[in-house]
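# have a look; sequence and predicted model below, questions after that.
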Amino acid sequence: MDTRFPFVDWFRNSSPYINAHRGRTFVILIEGDAMMRGRNEQLIQDLALMHTLGVQLVVVFGIRPQVRLALDELDIEPEVHQGRWVADEAIMALVKRISAEQRLWLEARLSLGLPNTPLHGVELTAVSGNVVMAKPLGVREGIDFHHSGEVRRVRAAAIRGLLEKGSLVVLPPLGFSSTGEVFDLDASEVAQHTAMALGADKLILLGESCGLYDASGQLQRQLTPAEAEPLRQASLPGSELARHLGAACAAARHGVARTHLLSWHDHDALLGELFTRDGVGTMITQHRYEQLRPAGLTDIGGLLELLDPLERDGMLVPRSRERLEQEIDDYLVIERDGMIIGCAALHAFHDAQMAELACVAVHDDYRGGARGELLLAEVERRARRLGLSALFALTTHTAHWFFDHGFRLADIEALPTLRRDTYNHARKSKILVKTLA
Ligand SMILES: CC(C)(COP(=O)(O)OP(=O)(O)OC[C@H]1O[C@@H](n2cnc3c(N)ncnc32)[C@H](O)[C@@H]1OP(=O)(O)O)[C@@H](O)C(=O)NCCC(=O)NCCS
């Protein structure tokens, strides 16, 4: 039944994620650019919403572009080595002033509670403090880095205490030393060490780019640190990508379950990543031993093995090796430890603006783990990218699984003409259609 209010459906569908995130600890880095431009108001409201939903939040912010701007106005060109600037007295004075201004700005936005604003009725306590301990970078390759420092230790117990009292913790890119000095730190390093010290459930890095793309322009949804490391090495030292990948790989290796690379340009990225099944950015995680990816010719052996028992049971129409070879570009596979344990195909009928979702299969040993759902979501994404507006499937055994996933029974007239002609009447497959929103 169609709901009158589409948001009601959306709200229902997001409830599993709301439950999954409640009580979890997320460390979120907002780069200076995001603080300075565009989306910041919306972003702050999204943070407040997450806090309201019970997520324990630590927000780390960057100030590089703001400091750059102030330096330009003073006509000062900072010395840069190994991707870090040398924070001398003049730069450090700016760093302290701008950090304080940005923190105050954030705290002010998080206090906004006028009627008709999203934070009305929410009393959100944002706190900051001397919880990140630092040490100087010192003298490297003959260069004295002065007040530029690195993280020495994050006082995790103190942060945890604040989070447990319901506060949102705000961290500037500054650290304090045992000598009573303040050091300029890299914001992504602060976020990384904080996430590691807290054993955070997620580290979320909001930067320029909305994730990582492979050579063919496909968004890479999941990478292990080992896969991300070469990309880090190939990136420009000190660039945002290098800093984020460095933080993500280190965090993954030190027990942070998931690091998400998202773009602050994308208005919906933060909530989209957290509260929908599909997600939007790239996730770096140590624990990936399963991968959903487009199939290639080398997968045919694995596909035949997966499909053979299902074809023998009559659940799937038999497909020859030759047919699989011809259609391999239509297939997606789930590979686990080198074995193909799931697949699905999308055959496009551009004239009818439809696609057939065919050959959805998950290995017997791995059913019930939402892999079917994952395959369907990826096929839907593919179909949308191709500009198609509906999916159809033909099934003899699995109609109810399709019903559960938004398909409806249809008659043969609903099929594209070409597919109508090849419909096997003896098989009496049910015809199911799903309109793509
Ligand atoms: C359909 C299939 C791909 C689902 O894979 P999966 O990874 O187990 O899927 P999910 O975890 O997303 O969904 C599992 C749910 O679907 C239900 N389900 C699975 N097959 C079903 C069927 N034939 N009829 C009704 N419900 C079914 C399961 O009972 C489970 O429900 P639950 O969560 O309430 O326990 C898998 O069962 C399969 O490979 N089936 C054989 C091949 C087939 O029939 N393909 C479709 C024809 S194109």
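Thanks, I have the structure now. Numbers count the residues shown, from 1 in each chain.

# do you know how far Trp401 is from the ligand?
With the distance defined as CB to the nearest ligand atom, to the nearest Å, Trp401 ends up 4 Å from the ligand. In this view, the C-beta of every residue, glycine as well, is placed from N, C-alpha and C.

# wait, that residue touches Arg371, no?
No - Trp401 is beyond contact range of Arg371, at 12.0 Å (criterion: CB atoms under 8 Å).

# can you pull the residues of the stretch 201-350 of the chain lying near the ligand?
Residues of the stretch 201-350 of the chain lying close to the ligand by CB under 6 Å from any ligand atom are 310, 315-316.

# low-scoring stretches of the stretch 1-150 of the chain, by residue?
Residues of the stretch 1-150 of the chain that meet the criterion pLDDT under 70 lie in 1-3, 38-40, 118.

# ok, and for the one helix or strand Glu101 maps to, which residues are buried?
In the assignment (DSSP states H and E), Glu101 maps to helix 89-111. Within helix 89-111, the residues scored as buried using 16 or more other CB atoms under 10 Å are 91-92, 94-96, 98-99, 102-103, 106-107, 109-110.

# any chance of these in TSV, plus distance to Cys210?
Converted to TSV, the buried residues of helix 89-111 look like this (distance: CB to CB, whole Å):
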residue	distance to Cys210
Ile91	31
Met92	33
Leu94	30
Val95	29
Lys96	32
Ile98	27
Ser99	27
Gln102	24
Arg103	27
Leu106	23
Glu107	28
Arg109	23
Leu110	25
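
# just to revisit the earlier point, restricting to C-alpha, output the helix holding Glu101 in PDB.
Backbone C-alpha positions of helix 89-111 (Å, rounded to 0.1, in the frame of the first residue of the first chain) are rendered in PDB as follows:
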ATOM      1  CA  GLU A  89      55.100  32.800  16.700                       C
ATOM      2  CA  ALA A  90      53.100  34.800  14.100                       C
ATOM      3  CA  ILE A  91      51.300  31.700  12.700                       C
ATOM      4  CA  MET A  92      50.700  30.300  16.100                       C
ATOM      5  CA  ALA A  93      49.000  33.500  17.200                       C
ATOM      6  CA  LEU A  94      46.600  33.200  14.300                       C
ATOM      7  CA  VAL A  95      46.100  29.400  14.900                       C
ATOM      8  CA  LYS A  96      45.100  30.100  18.500                       C
ATOM      9  CA  ARG A  97      42.800  33.000  17.600                       C
ATOM     10  CA  ILE A  98      41.100  31.200  14.700                       C
ATOM     11  CA  SER A  99      40.700  28.000  16.700                       C
ATOM     12  CA  ALA A 100      38.900  29.900  19.400                       C
ATOM     13  CA  GLU A 101      36.700  31.700  17.000                       C
ATOM     14  CA  GLN A 102      35.700  28.500  15.200                       C
ATOM     15  CA  ARG A 103      35.000  26.700  18.400                       C
ATOM     16  CA  LEU A 104      32.800  29.600  19.600                       C
ATOM     17  CA  TRP A 105      31.000  29.600  16.300                       C
ATOM     18  CA  LEU A 106      30.300  25.900  16.500                       C
ATOM     19  CA  GLU A 107      29.100  26.200  20.100                       C
ATOM     20  CA  ALA A 108      26.900  29.100  19.200                       C
ATOM     21  CA  ARG A 109      25.300  27.100  16.300                       C
ATOM     22  CA  LEU A 110      24.800  24.100  18.500                       C
ATOM     23  CA  SER A 111      23.000  26.400  21.000                       C
END
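
# what's the closest residue to the ligand within the stretch 201-350 of the chain sitting at in phi/psi?
Using CB to the nearest ligand atom, the closest approach of the stretch 201-350 of the chain to the ligand is made by Met315 at 4.3 Å. The phi and psi values for Met315, taken as degrees, to the nearest 10, are phi -70, psi -30.

# before we move on, back to that, show me which of the buried residues of helix 89-111 is closest to Leu206.
Nearest to Leu206 among these, counting by CB to CB, is Leu106 at 13.6 Å.

# one step back: and the helix holding Glu101, what other elements does it pack with?
Counting contacts by 3 or more CB pairs under 8 Å, 6 or more residues apart in numbering; DSSP states H and E, helix 89-111 is packed against helix 32-36, helix 40-52, strand 56-61, helix 64-73, strand 126-127, strand 168-171, strand 174-176, strand 182-184.

# if we use 7 Å, what do you get?
Where contact means 3 or more CB pairs under 7 Å, 6 or more residues apart in numbering; DSSP states H and E, helix 89-111 is packed against helix 40-52, helix 64-73, strand 126-127, strand 168-171, strand 182-184.
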